[in-house]
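K.L.:
Generate a structure from the sequence data that follows.
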Amino acid sequence: MDHDVYDVDASGVYNGMPAPRLDGVAWQKSRHSNSQGSCVEFARLPGGEVAVRNSRFPDGPALVYTRAEIEAMLLGIKDGEFDHLIVS
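P.N.:
Presented below is the predicted three-dimensional model:
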């Protein structure tokens, strides 16, 4: 898969890269995840970014976000801004 050279940081990390290429990171999932693997996993990257992957497809792509983007998302989650996405 081609990616724009401007999307690659100095460490070679880019959004959508295969998660296994993020060597040496510790993936973490919520203690609320279920045994069927329905969860996303997060990993802090050496440059301060945070990678996210689907736990059902650990060899799939990793989405890479800045700390500010993750902070904004977590604050929105804590405030209930996304509750409507899971309420039937």
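
K.L.:
Surely Leu22 and Ala51 touch.
P.N.:
Yes - Leu22 lies in contact with Ala51 (C-beta atoms under 8 Å); the separation is 5.8 Å. Quick note: C-beta positions are derived from backbone N, CA and C, even for glycine.

K.L.:
which stretches of the chain form strands?
P.N.:
17-18, 28-29, 40-44, 50-54, 61-65 (DSSP state E).

K.L.:
What are the contacting residues of the second one?
P.N.:
With contact meaning C-beta atoms under 8 Å, 6 or more residues apart in numbering, strand 28-29 is reached by 39-43, 55.

K.L.:
Which members of those define the maximum pairwise distance?
P.N.:
Distances among these were taken as C-beta to C-beta; the most separated pair is Cys39 and Ala43, at 13.3 Å.

K.L.:
neighbour-wise, which of these two wins?
P.N.:
Higher neighbour count among Cys39 and Ala43: Ala43, with 18 against 15, using other C-beta atoms under 10 Å.

K.L.:
nearest spatial neighbour of that one, skipping sequence neighbours?
P.N.:
Nearest in space to Ala43, with sequence neighbours left out and distances taken as C-beta to C-beta, 6 or more residues apart in numbering, is Val25 at 4.0 Å.

K.L.:
re the thing from before, hey, what's in contact with both of Leu22 and Ala51?
P.N.:
Counting by C-beta under 8 Å, 6+ apart, the residues touching both Leu22 and Ala51 are 13, 43, 45, 62.

K.L.:
Reformat the residues you listed into JSON lines and put pLDDT and distance to Leu75 next to each item.
P.N.:
As requested, the shared contacts of Leu22 and Ala51 are exported to JSON lines (pLDDT from 0 to 100; distance: C-beta to C-beta, whole Å):
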{"residue": "Val13", "pLDDT": "91", "distance to Leu75": "24"}
{"residue": "Ala43", "pLDDT": "97", "distance to Leu75": "20"}
{"residue": "Leu45", "pLDDT": "95", "distance to Leu75": "21"}
{"residue": "Ala62", "pLDDT": "97", "distance to Leu75": "22"}
